[in-house]
Structures are given as structure tokens and as C-alpha cells.
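J.: What shape does this take:
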Amino acid sequence: FDKIVEVFRRTGRCVPVFSDKHFSYDPVSAHAMFNTAQRMGFPLTGGSSIPHALAREEGSRNPAAPLREMVSVFYGGREVYGFHALEFVQPLVDRRPGAERGIRCITAYPREQFDEVFQRKLWSHELMEQARLISHKLDPGDWRENVRSSKQGGDVFIVEYFDGLKVTHVNLDGAIRGWSCAAIESSGNTWVRGAMLGGKDLFYVHFARLSARIEQELITGKPAYNPKRLLLTTLATDAMVRAFAQPGVPLMTPDLAISYRSEEHTSELQSPCNLVC
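T.: Numbering: from 1, shown residues only. Predicted coordinates:
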């Protein structure tokens, strides 16, 4: 990124930049990247392909309705695929009334504590079951035994937002393959959404859709979504990993008090191939 910016400064011209997945593993670097792009006036986006997948939905979702609770299920490594879980959920919650206000704290429980925390019912088992059943691929057999026998399944991290929304991410590696979630609105209405990951038969549609968004940003000079969303999920990924070092202890995250409206873009650049920095 620094070498890219060096060229921008030397030539006096900028172009849009796409950063695969999060901005950086390091919060200081992530902030530096975001602030540099804002200061110099070029679009900087990135993120996961999972939110761009075809979706299977059950129930009627009201994007503007207050949310009471959400449970997200995923598989794979806690950081590499936990990031995808955060990215999958964020576009589904950041249009709630009052706009996004950021994350207050994250509490994590490693897989060794899964049975204990499951019995404590720290999250809605009903929502988790709905999310599990709509997953892209369900592995046969008892799901709890499958998770126990997995080398990565069983991790749980709970994300509490400043407005009171709680989103619990449960790693069901061994029982599912994919990303899905279930939510209950303040009215009691529930809905479920699962990412349908297409392979060759669907031309890897989640990658194709993300590529189309990147092309759009390069042509128009406008980010497809507010870049503060990716800054939030980037910092949340780091906080989540650090929270696992202190199981069961809420990790307060004042640096994640990131407010934005999902429909607002900070960049309104018109000629991305000839931007004066």
C-alpha cells in the first residue's frame, strides 16, 4: 500500500484501490490506510466475497427494523473465516434505525468451552438451529459430535454493538460448510439468510459479483459501499482474535465506535483515471 501511495504522490494522480479481504491484520496500519485514502481523496475498498453470494432466505426481513438478536454460524479457522462471518453479517445489520454506531465489546470462548457455554444458553439456540439448517452444506450425522471431532469447530465470539444489538458467531466446522445467520426483530419477527456458494456450475458467482463491484468502482471512482464498514470489520477481526486470549472476559473496544450510514459514500470522485492528489 505504501508503494502504491508513493506512486500516487510522485505522479500527482490517484486511482481507486481494492484491498482483498480486510485492510490489515494490524489496527494501526488499517487506520493509516483508511486515513491516507481519505486525505488524498481516492476510493479504498475491499472485503469478503461472501456477502455477494446468492442467498437463500426464509421469513420476511425488514432492513429498517430494530434487531433484538442475531446468531451467525460459519466454519473454518477463527480468523480467516471468522472475518468472512463478520463481513457477511455487517451489511445485514448496518441499515438498522439510527445507522451503525459501532461495536462496544467482544467476548470469546474457545472450542474447549463450547459444551459449557452452550449449556449456559448465552445465545438463542433456536436462532442457531435455524441458521444451521439453511447452511450451504450440512454434513451428515449429529452436529454436536461433528463439531467436537473437528479441529476448528466450537469457537464462539459474541459481538455487542453500542445500541444493544448482540450478534453471536458460532463456528460449526465439521457440521456445516458455509455462512448463514438468523435474526429476531424487536417485533418478534424472525428471518434467516444463508450464503449459497456456487462452484463451477454457478461460475463461482460470489467471486463474479465481487469482481463486478470492483470494476464499477474503477470506472466510476465511487466505492460500492461506505469504506467505514470495512474499517469496522477489520478492527473487529483483530479484537476478536485478541478476545480469545482472555476467554469469557469482555474485551472493550472503544476504538470500534465507528459510526456511518450504509448508504452514504465518503468519496464522490468522477474521473478515477485522472485524479489530482
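J.: ranges for the strands of the stretch 51-200 of the chain?
T.: Taking DSSP state E, counting those that start in this stretch as the criterion, the stretch 51-200 of the chain contains strands spanning 54-58, 67-74, 103-109, 137-138, 156-161, 166-171, 176-177, 180-185, 190-196.
J.: Out of those strands, which is closest to residue 33?
T.: For these, distance to residue 33 was read as Cβ to Cβ. The smallest value, 19.4 Å, belongs to strand 103-109. In this view, the C-beta of every residue, glycine as well, is placed from N, C-alpha and C.
J.: Can you give the distance of that closest one from its chain's centre?
T.: With Cα atoms, centre = their mean, to the nearest Å as the basis, strand 103-109 stands 14 Å off its chain's centre.
J.: cool, stretch 208-222 as well?
T.: Between the mean C-alpha point of stretch 208-222 and the mean C-alpha point of its chain there is a distance of 19 Å (Cα atoms, centre = their mean).
J.: Which parts of that stretch count as buried, going by neighbours?
T.: For stretch 208-222, burial by neighbour count (16 or more other Cβ atoms under 10 Å) applies to 210, 213, 217, 220, 221, 222.
J.: circling back: rebuild the strands of the stretch 51-200 of the chain as a markdown table, extending it with mean pLDDT.
T.: Converted to a markdown table, the strands of the stretch 51-200 of the chain look like this (pLDDT from 0 to 100):
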| stretch | mean pLDDT |
| --- | --- |
| strand 54-58 | 93 |
| strand 67-74 | 97 |
| strand 103-109 | 98 |
| strand 137-138 | 92 |
| strand 156-161 | 98 |
| strand 166-171 | 98 |
| strand 176-177 | 96 |
| strand 180-185 | 98 |
| strand 190-196 | 96 |
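J.: tally of neighbours for residue 148?
T.: Residue 148 has 15 neighbours, counted by other Cβ atoms under 10 Å.
J.: swap in the one 4 residues further on?
T.: Around residue 152 sit 17 other residues, with neighbours defined as other Cβ under 10 Å.
J.: now residue 189
T.: With other Cβ under 10 Å as criterion, residue 189 counts 14.
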